[in-house]
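# Predicted structure and sequence below. I'll ask about it afterward.
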Amino acid sequence: MNLGTVFGAVFRRELTMIRRYMVNSISSLVSVYLVFILMFMGFQSMSNYVKTGALEGSLEGTIVGFFVWTFTIYAFSDLSWSLISEAQAGTLEQLYLAPCGFKWVGACTVISNFIFSLVPIMVLLFAMMATTGKWLNLDFVSLIPLLLITLLGAYGFGFALGGLALVFKRIQAFFQIMQFVFIGFLIVPTRLAWAKFLPLAVGNDLISTVMVDGARLWELPLNDILTATAVGAAYLAIGIVIFSCCENVAKSRGLLGHY
């Protein structure tokens, strides 16, 4: 089966789901915006911003950190939610019959969800900037590659959680924990040597440099870009390995057709 055909089918499926459940999609976006409003009001009541990590002591840095965090939540949860939904609907085994293999179906799902998440998250970003009155530099030529590099680690966690969903089925509560874990990854200052080996950390700094300082992609330190890429690719590879191990366990126990 041609991978282009697989991607087209997955893309149309995701588009149909968004259209069918538009109210739920909009409600999710509004809930994220309300979280930002509460956080912004809390910062407004503080005399000084916390000078660390994604906050960087400025409202602009906070907006960037929240922007990256929102993308991260979409990235790591999409595949897992898809697996849970397919298992509940009883169609998961049918996806495993795809000649290309389920991993490619999962990869196409991840890519499609990234494309569909771009517009709502950008709308959220404009809403945050309008609310705070802080307008950031939106150089999409620089931002899109950096976002993809930064989110590699998040997708690795997504594959790992997807594997756990195959075996344990209900892991929604674990998503709540991971949301706070990712906040921790964002606020750890990269001046700490070990922090550069965390997912999101270096990528978030690069994105902040573009959006706050107005730098272009080719003006960023090459070592930082390579570090962010290598760390993200490593977490993605680990996530795929965990998914494969859990997939083998689910098959051996006959769990694919049960929820």
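The structure has been received and is ready for your questions.
# residue ranges of the helices in the stretch 1-150 of the chain, please?
For the stretch 1-150 of the chain, the helices defined by DSSP state H, counting those that start in this stretch cover 3-20, 22-44, 59-89, 92-95, 102-132, 140-168.
# Next up, the contacts around residue 235.
Residue 235 makes contact with 152, 153, 156, 157, 199, according to C-beta atoms under 8 Å, 6 or more residues apart in numbering. C-betas here are computed from N, CA, C, even on glycine.
# What is the burial count for residue 69?
As a burial measure, residue 69 scores 22 neighbours (other C-beta atoms under 10 Å).
# Could you do residue 5 as well?
Neighbour count of residue 5, defined by other C-beta under 10 Å: 10.
# Then residue 60?
20.
# and the helix or strand of the chain with the lowest mean pLDDT, what does it pack onto?
Ranking every helix and strand in the chain by mean pLDDT, DSSP states H and E puts helix 92-95 at the bottom, with a mean of 71. For helix 92-95, the packing partners by 3 or more C-beta pairs under 8 Å, 6 or more residues apart in numbering; DSSP states H and E come out as helix 59-89.
# Now the helix it packs on: buried residues?
Buried residues in helix 59-89, counted by 16 or more other C-beta atoms under 10 Å: 59-84, 86-87.
# Let me know the angle separating that helix from helix 102-132.
Orientation of helix 59-89 against helix 102-132 (axes from the mean of the first three to the mean of the last three C-alpha atoms, to 10 degrees) gives an angle of 140 degrees.
# average pLDDT for helix 59-89?
The average pLDDT for helix 59-89 rounds to 81.
# now that helix, how far from the centre of its chain.
4 Å (C-alpha atoms, centre = their mean, to the nearest Å).
# Residue 120 contacts residue 27, correct?
No. Contact criterion C-beta atoms under 8 Å: residue 120 and residue 27 do not qualify, at 11.4 Å.
# Out of these two, name the residue with the larger neighbour count.
Using other C-beta under 10 Å as the criterion, residue 120 and residue 27 rank with residue 120 on top: 17 against 11.
# Quick one: closest of the helices of the stretch 1-150 of the chain to residue 247.
Closest to residue 247 of the helices of the stretch 1-150 of the chain is helix 140-168 (C-beta to C-beta; 5.9 Å).
# Could I get the buried residue list for that closest one?
Buried residues in helix 140-168 (16+ other C-beta under 10 Å): 142-143, 146-147, 149-166.
# Check which helices and strands that helix sits against.
Packing contacts for helix 140-168, counted by 3+ C-beta pairs under 8 Å, 6+ apart, involve helix 59-89, helix 102-132, helix 172-187, helix 201-213, helix 222-253.
# Would you mind finding the most buried of those helices?
Each of those was scored by mean neighbour count; the highest is helix 201-213, a mean of 23, by mean count of other C-beta atoms under 10 Å.
# Mind pulling up the pLDDT for residue 97?
Note on residue 97: pLDDT of 69.
# nope, residue 145 is what I meant
Predicted confidence (pLDDT) for residue 145: 92.
# try residue 43
If you check residue 43, the pLDDT there is 65.
# for residue 256, same thing?
In this model, residue 256 is scored at 69, pLDDT.
# Over to residue 133?
83.
# How many residues are close by it?
Residue 133: 7 neighbours (other C-beta under 10 Å).
# Show me the shaky parts of the chain.
1, 42-57, 87-90, 93, 97, 255-259 (pLDDT under 70).
# residues touching residue 102, list them.
Counting by C-beta under 8 Å, 6+ apart, residue 102 touches 95, 96, 247.
# redo that, cut-off 10 Å
By C-beta atoms under 10 Å, 6 or more residues apart in numbering, the contact set of residue 102 is 83, 92, 95, 96, 109, 162, 166, 243, 247, 256.
# For residue 250, see how far away it is.
Here residue 102 is placed at a distance of 11 Å from residue 250 (C-beta to C-beta, to the nearest Å).
# cool, residue 146 as well?
With C-beta to C-beta as the criterion, residue 146 and residue 250 are 35 Å apart.
# go on, residue 21?
Counting by C-beta to C-beta, the gap from residue 21 to residue 250 is 27 Å.
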